[in-house]
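> Structure, please.
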Amino acid sequence: MPKINVYLPDDLADAVRDTGVPVSAVCQRALEQAVRRITAIRDTALADLDAEQLAARLPQLTARTRDVLLLARAQAQSADVSQVGTGHLLAAMLDEGDNLGLRVLRAVEVQPAQVTAALAAAAPEPAGPADVAMRFSGTGANALELAVTEATSFGHNYVGCEHLLLGLIAEPDGVAGQVLRGLGVELKSTRRAVAAALAGYVHLRAQSATSTGAGAAATPAGADPVTAVTALIRRELAPITQRLTQLEERIAAG
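Next up, the predicted model:
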């Protein structure tokens, strides 16, 4: 049976050894799931799928992410191209308007209007071959595959818009990644922002459940949950940003 080396950070490798986790079985299971997800993405013909069919075809995607894919297809159709590229996916995420990916962008100080303007100024997506069923372009499929990888690395069994955002940033050749990186959106910091956002949602849900159990309103009057989550993300990122600033200052002084 062929072997595949798996490289782990030192602390994780030590923890795996100490706990006796069956690495081979765990990795095999994770890889099987990832291969199934990626194969489903590559084989999906988008032209005639409705929301229900897309859910059956790509069940690992959240409903909101599937909505983004359908909006991206509409973007490609309106542009009269046969491939859904990364630019269509990013524009669709903006059009959807209420997903965690957008909240993460705001938390890293990038507003949707900036992204929209940068997309409009970017080179258009390739048209793709004529007279074929609409599918994802090479970069579009790569971005979705990277989104699956990001979800797996978080230990998630679903792919949300936050994972899709990370996939778009990580894809090196697509229009979306070029636009986002041009706006200063970096993969590592955005990954930390996603982790902080998810922690923030858990925190808010816990607060809401406690308030409801005590007979109080789940959300204080006038409170905006989106603003609250954004504030939590920024609070989680503040120590990291401070350390990076101090490091940059030391490098500049040295």
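> contacts, neighbours, all on C-alpha from now
Fine.
> what ranges do the helices span in the stretch 101-250 of the chain?
For the stretch 101-250 of the chain, the helices defined by DSSP state H, counting those that start in this stretch cover 112-121, 138-153, 161-170, 175-182, 187-213, 225-253.
> Could you list the buried residues of the second one?
Read that as helix 138-153. The neighbour-count check on helix 138-153 (16 or more other Cα atoms under 10 Å) flags 138-152 as buried.
> How far off centre is it?
9 Å (Cα atoms, centre = their mean, to the nearest Å).
> Next, the angle from that helix to helix 161-170.
Helix 138-153 and helix 161-170 are oriented at 130 degrees to each other (axes from the mean of the first three to the mean of the last three Cα atoms, to 10 degrees).
> ok, residues contacting helix 138-153?
Residues from elsewhere that reach helix 138-153, judged by Cα atoms under 8 Å, 6 or more residues apart in numbering: 30, 34, 37-38, 41-42, 84-86, 89, 157-160, 163-168, 170-171, 173-174.
> same thing with the shortest one?
Residues outside helix 175-182 that contact it (Cα under 8 Å, 6+ apart): 85-87, 89-90, 115, 118-119, 122-125, 168-172, 186.
> That helix - what's its average pLDDT?
Mean pLDDT, computed over helix 175-182, is 94.
> CA atoms of it as PDB?
Provided in PDB are the C-alpha atoms of helix 175-182 (Å, rounded to 0.1, in the frame of the first residue of the first chain):
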ATOM      1  CA  VAL A 175      -9.400  37.100 -10.600                       C
ATOM      2  CA  ALA A 176     -10.900  37.000  -7.100                       C
ATOM      3  CA  GLY A 177      -7.600  36.200  -5.300                       C
ATOM      4  CA  GLN A 178      -5.800  38.900  -7.300                       C
ATOM      5  CA  VAL A 179      -8.500  41.400  -6.300                       C
ATOM      6  CA  LEU A 180      -8.500  40.500  -2.600                       C
ATOM      7  CA  ARG A 181      -4.800  40.300  -2.200                       C
ATOM      8  CA  GLY A 182      -4.600  43.700  -4.000                       C
END
